[in-house]
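Participant: here is my input; please provide its structure:
(one chain, ligands or ions: 3)
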Amino acid sequence: MSRPYLKLKMENEQRLLAEIRAKEPRLTAFPPRCTFEISWRCNYRCKKCTYSKLTRPEGFSATNYPEWNWDDIERIAEEYFPTCRLTQSTLLGEPFLSPQLGNLMNLYRRFGVYYRPTTNGSLLTEDKLDTVNGVVDWLKCSFDGHTADLYERLHLNGNFAAVVRNLKTFSQYRRYMTPFPWFRIGMVLMRSNMNHLKEYADFVFQEIGVDEMEIMALNYANDQMTDEFYWDLEDDVNARLDELVEHCIDKKYRLRLPFARMPRMDGTWNGPTGRRRADEIARSQPAADNSGYEAYSEEVRVGDIFGNRQTLEKGYVWSNEMRISRIEGVDGSWVGICPALNRPFFKPPTVESDGKDWIKVESCGSCSTYVFGNLKERSFSDIYASPMYRQVRTFLYNRYDIPRDDWMIPCKHCLCVDPVYRYESNGVPNVGLRFFPGADLYRPPRNTFNQSGLLRRTWDYWRQHGFASTVRTAVRFIGDRYGRS
Ligand SMILES: C[S@@+](CC[C@H](N)C(=O)[O-])C[C@H]1O[C@@H](n2cnc3c(N)ncnc32)[C@H](O)[C@@H]1O
Ligand code: SF4
Ligand code: SF4
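Facilitator: Ligands and ions are numbered 1, 2, ... in the order given. This is a model prediction of the structure:
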């Protein structure tokens, strides 16, 4: 089957690579992928997610959250999709809840774009599979526990039996789909599930039939989930991960880890650093058998122009320390590739503090981030050429020569740059700051600072970690926000 616009997509990619290598602040080629999230509506309430916040009003449900209207979807697709290879949805919301799913998939077909959903699996019933056939080349299901008891403790209103049934059906049905979708299952590591990793791996590979298992690090999302944090258990986490790595290599299970080791809360290491351990795993494991995957899409098999495959890696086990990709500039220096360069984020509709409707273009998902512009008011090309986008690019091209303490605020704690799982990057202090056009990117924006929220979070942290640790973290947090002139 021919893929519409494929030649244009390939030419665009080559131009992008050349422009980034030349460190052009103004790019004419678009990124080959994007995070395209038309809604945050969701039928679930997971413990780790902001939707389970106790401060939500009684009877809260995210099932009716707003969604992009069709005119906006078509307008952005017509501008962005001809050169785009794939989109993903990763931040919040359940993609299979959208009433526009069928129309959306037809739009993707028209422009030859692949759709990569991250789903809770509850609505992934057989009837949806025909709708997404030919468009979904990769799917990830979030699944935090391999028994009904554990699953329903973490996915608060979830139904384990129904989800397992859907996932088994999807795994089987894939043989009728072209391309054959890659099937990843993802567990967010938490205190409740960290002692069951090997059993979880056996269940998802043997019972469900996934291609790959991912473990994700837990980010702070609400105060009620902080009892699932494991900042104080780094030795246990590292021991459990070591056991899992050995198990997966032995069984030939593909495993993606957020980090190969975790540091102590103060940033020091007990034993090798994550990067050293990642090198050790990469060196010592046997090469993976990557033959026989012809039915999967080229994007799954080969990855993108930045060498970022994310699926058929050289070995069975890989961690983010092995992945952070960089390319050589024409001047011989390195450019680290991150979502601001290869994957803009088009967000669901919001009303911002200026009282206007926004569809925000941001650089990245879960970290504190840059808001480059409003797609309700401007085209993507216009936003892509804006001074703020150019300023961020210029910084990214040069950041290896700048001491980290002098970086722009969001990049300073970003896991795309340095995958060390740290309290400062993933914990309570990293509540999503937003930098709008015109903001000073080196100072925290005052309008998003919420004092009572900060006091509440500090108290929560104090109760869990004690006085000394709270003071140390507070000093770092305040220094970060106010330390620059
Ligand atoms: C928020 S969900 C949205 C997609 C879909 N509703 C789902 O759960 O798969 C996107 C991903 O973020 C993960 N996630 C949710 N809350 C998280 C947290 N506090 N820390 C780390 N990952 C989280 C989910 O497990 C999922 O893989
Ligand atoms: S399914 Fe995803 S978006 Fe919905 S509550 Fe769970 S983590 Fe949040
Ligand atoms: S915070 Fe900086 S390094 Fe991280 S994804 Fe955004 S722009 Fe890239």
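Participant: quick test: name the residue nearest the centre of this structure.
Facilitator: The centre of the chain sits closest to Thr90, judged by Cα atoms, centre = their mean, with a distance of 5.6 Å.
Participant: just give the closest residue to that one, not the sequence neighbours.
Facilitator: Thr118 (5.1 Å; Cβ to Cβ, 6 or more residues apart in numbering). Using the backbone N, CA and C atoms, a C-beta is placed for each residue, glycine as well.
Participant: CA atoms only: put the strand or helix carrying the one you found into PDB for me.
Facilitator: Thr118 belongs to strand 114-119 when assigned by DSSP states H and E. The C-alpha trace of strand 114-119 is given here as PDB (Å, rounded to 0.1, in the frame of the first residue of the first chain):
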ATOM      1  CA  TYR A 114       0.800   7.100  11.800                       C
ATOM      2  CA  TYR A 115      -1.000   7.500  15.100                       C
ATOM      3  CA  ARG A 116       0.600   6.200  18.300                       C
ATOM      4  CA  PRO A 117      -1.800   6.200  21.200                       C
ATOM      5  CA  THR A 118      -1.000   5.700  24.900                       C
ATOM      6  CA  THR A 119      -4.100   4.200  26.400                       C
END
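Participant: so that strand, near ligand 1 or not?
Facilitator: Yes. For strand 114-119, a contact with ligand 1 is found by Cβ under 6 Å from any ligand atom, at 118-119.
Participant: can you list the strands that that strand pairs with?
Facilitator: strand 86-89 (parallel), strand 138-142 (parallel) (DSSP bridges).
Participant: tell me if the shortest one is near ligand 2.
Facilitator: Pointing back at strand 86-89 there. No. Strand 86-89 lies out of reach of ligand 2 by Cβ under 6 Å from any ligand atom, never closer than 10.1 Å.
Participant: how about residues contacting that strand?
Facilitator: 32-38, 95, 108, 113-118, 137-138, 299, 343 (Cβ atoms under 8 Å, 6 or more residues apart in numbering).
Participant: ditto for the longest one
Facilitator: Contact with strand 138-142 is made by 46, 86, 114, 116-121, 124, 163, 167, 170, 181-188, 214, 297, 299-300, 311, as judged by Cβ under 8 Å, 6+ apart.
Participant: any idea how many residues pack against Asp242?
Facilitator: 14 (other Cβ atoms under 10 Å).
Participant: in strands, which of the contacts of strand 138-142 appear?
Facilitator: Judged by DSSP state E, the contacts of strand 138-142 include 86, 114, 116-119, 182-188, 214 as members of strands.
Participant: surely Leu17 meets Glu328?
Facilitator: No. Leu17 is beyond contact range of Glu328, at 10.9 Å (criterion: Cβ atoms under 8 Å).
Participant: burial measure for Ser192, as a count.
Facilitator: The burial count for Ser192: 16, using other Cβ under 10 Å.
Participant: hang on, I meant Asn270
Facilitator: 11.
Participant: by mean pLDDT, show me the worst of the strands paired with strand 114-119.
Facilitator: Of all the strands paired with strand 114-119, the minimum mean pLDDT falls on strand 86-89 (a mean of 92).
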